[in-house]
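K.L.:
Take a look and give me a structure for this.
(one chain, ligands or ions: 1)
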Amino acid sequence: MSDKLWGGRFTGKAAEWVDEFGASIGFDYRLAAEDIEGSLAHVKMLGQQGIISQAEADQITAGLHAIEKDLAVGKVEFSVANEDIHLNIELLLTKKIGPVAGKLHTGRSRNDQVATDFHLWVKHRLPAVQDAITELQQTLLDLAKKNAEVIMPGYTHMQHAQPISYGHYLLAYFEMFQRDFERFEFNKQHTDNLPLGAAALAGTTFPINRQTVADELGFASIYHNSLDAVSDRDFALEFLSNASILMVHLSRMAEELILWGTYEFNYIELSDNFSTGSSIMPQKKNADFAELVRGKTGHVFGSLMGLLTVMKGLPLAYNKDMQEDKAATFEVMDTILASVKVFTGMLSTMTVHADRMEAATKDDFSNATELADYLAAKGVPFRQAHAIVGELVLKGIQEGKTLNQMPLAELQAADSHIEADVYAELESKTAVNRRTSLGGTAVVNVLKEVDRGQQILADRS
Ligand code: ARG
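P.N.:
Residues are numbered from 1 along each chain as shown. Down below sits the predicted model:
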């Protein structure tokens, strides 16, 4: 017999390096608290149901609490020979209380045990993700309110398109993070489902009570199919997918922060606390943290593709492949929590160069649509108005002047409908404030949307 916990039918003994290949303790030690939490609930139920005696349940409970204490003071050493967190803790328990520890695993398998631990781990951390998102959203609302009247060029194809409020731009990200928040909310529901009691794959002959375990662990629901319970990793896939979409949003904004902090744009300047210098070029102030968020998006996407690929060919029920689900999920959790936090810090400490943003809307043709709309409002068919303004823009480019800089006579030569009131309409501020359609960029809208956002966050708490 081998010295493994499952060694009864084994005569051979694997080499250490083979054990190492199979072991997950190198990363699943992070499930230690959840593993003990799950075991405490399970053993309580075993005692209550009379599956083991109350005295035995008490002994096991005390042993688990003692391990909890050891863990808290860093007194515990895990070993690769014991494969994973579940076997490591069971062996620690055996060392503490003797063979009665072996009764803990009654009516349970590592398959439903690991699924339970993993559900608990994600379930415990999703609220922190949502809190971080809320803080970021609050920062965006504050910034949007402060900068509602700051006018900047809005871009399509990275070309000046139409002027917008910088506050409006910021609120676009508020909306994205709102959807992220909602996705994690939904993710919570699928995570809040108890697998324990499915045992290896088919359920158990012991008279267990899954409801009391669910209540004890705070699970809202229970898996109703034992095969599904041990083999479902949808909650982790959803988490990785939600994390990926969240990172898309952060990465897009990171790109803009980096670009807008360049000498050429100079729309914003990140604070010293969220920038780094160069070891050779004394003048440099680099947006390293924004770049890192953009860069870390790669491994988050990779983790999602990784787990999708792990799962795609797996027959029911448990397969060891699924051990590959955890390391990536742990890492992605760390990454998104840190990335959102870094973003909140970067945004709340940066300087906004409103003058530079506004100036960029003064020497350009981002008011060309205004002139076309002006003509259309006077009865010129829009297509024709578009062509007239297009020709004026071409003339302006050739002669080095903007539409506002053209004398009235020159504008009137292009179309006789144009009158002196056109200049006010060509102002970028006017262009912004006339866009009062729902969801449009007018400052009044922006301020209204800030209030709506504030209400959303207030309802959350
Ligand atoms: N370390 C394993 C994992 O993470 C635990 C479950 C092992 N179950 C088994 N039947 N080998 O998936």
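K.L.:
Please count neighbours and contacts with C-alpha atoms only from this point.
P.N.:
Noted.
K.L.:
Tell me the spatial nearest neighbour of the residue of the chain found nearest the ligand, not counting adjacent residues.
P.N.:
Nearest residue of the chain to the ligand, counting by Cα to the nearest ligand atom: residue 323, 3.6 Å away. Counting by Cα to Cα, 6 or more residues apart in numbering, residue 323 lies nearest to residue 24, which is 7.1 Å off, once chain neighbours are set aside.
K.L.:
Report the contact partners of that neighbour.
P.N.:
Counting by Cα atoms under 8 Å, 6 or more residues apart in numbering, residue 24 touches 80, 83-85, 323.
K.L.:
one more time with 10 Å, if that's ok
P.N.:
80, 82-86, 323-324, 326-327 (Cα atoms under 10 Å, 6 or more residues apart in numbering).
K.L.:
just to revisit the earlier point, next up, the contacts around the residue of the chain closest to the ligand.
P.N.:
22-24, 28, 84, 114, 310.
K.L.:
can you check residue 110 too?
P.N.:
Residue 110 neighbours (Cα under 10 Å, 6+ apart): 84, 86-87, 116-117, 196, 199-200, 230, 318.
K.L.:
any idea which of the residues you listed has the most stuff around it?
P.N.:
Comparing these by number of neighbours (other Cα atoms under 10 Å), residue 196 comes first, having 31 neighbours.
K.L.:
what helices or strands is whichever helix or strand residue 182 is part of leaning on?
P.N.:
With secondary structure defined by DSSP states H and E, residue 182 is part of helix 166-191. The contact analysis (3 or more Cα pairs under 10 Å, 6 or more residues apart in numbering; DSSP states H and E) places helix 166-191 against helix 110-146, strand 151-156, strand 221-222, helix 234-260, helix 354-359, helix 443-460.
K.L.:
Could you quantify the relative orientation of that helix and helix 110-146 as an angle?
P.N.:
160 degrees (axes from the mean of the first three to the mean of the last three Cα atoms, to 10 degrees).
K.L.:
now the helix or strand just after helix 166-191, how far from the centre of its chain.
P.N.:
Per DSSP H and E, the first helix or strand lying C-terminal to helix 166-191 is strand 193-194. The chain centroid and the centroid of strand 193-194 are separated by 23 Å under Cα atoms, centre = their mean, to the nearest Å.
K.L.:
do the same with stretch 297-313
P.N.:
15 Å.
K.L.:
if we can go back for a sec, what about the residue nearest to residue 323, distance to residue 85?
P.N.:
Going from residue 24 to residue 85 by Cα to Cα, to the nearest Å gives 8 Å.
K.L.:
same thing with residue 459?
P.N.:
40 Å.
K.L.:
between the two, who's got more neighbours?
P.N.:
Between residue 459 and residue 85, counting by other Cα under 10 Å, residue 85 is the more crowded of the two (25 against 8).
K.L.:
pretty sure that one is touching residue 76, no?
P.N.:
No: using Cα atoms under 10 Å as the test, residue 85 is too far from residue 76 to be in contact (11.7 Å).
K.L.:
Closest to residue 124 out of the contacts of residue 110?
P.N.:
If you rank those by distance to residue 124 using Cα to Cα, residue 117 comes first, at 10.4 Å.
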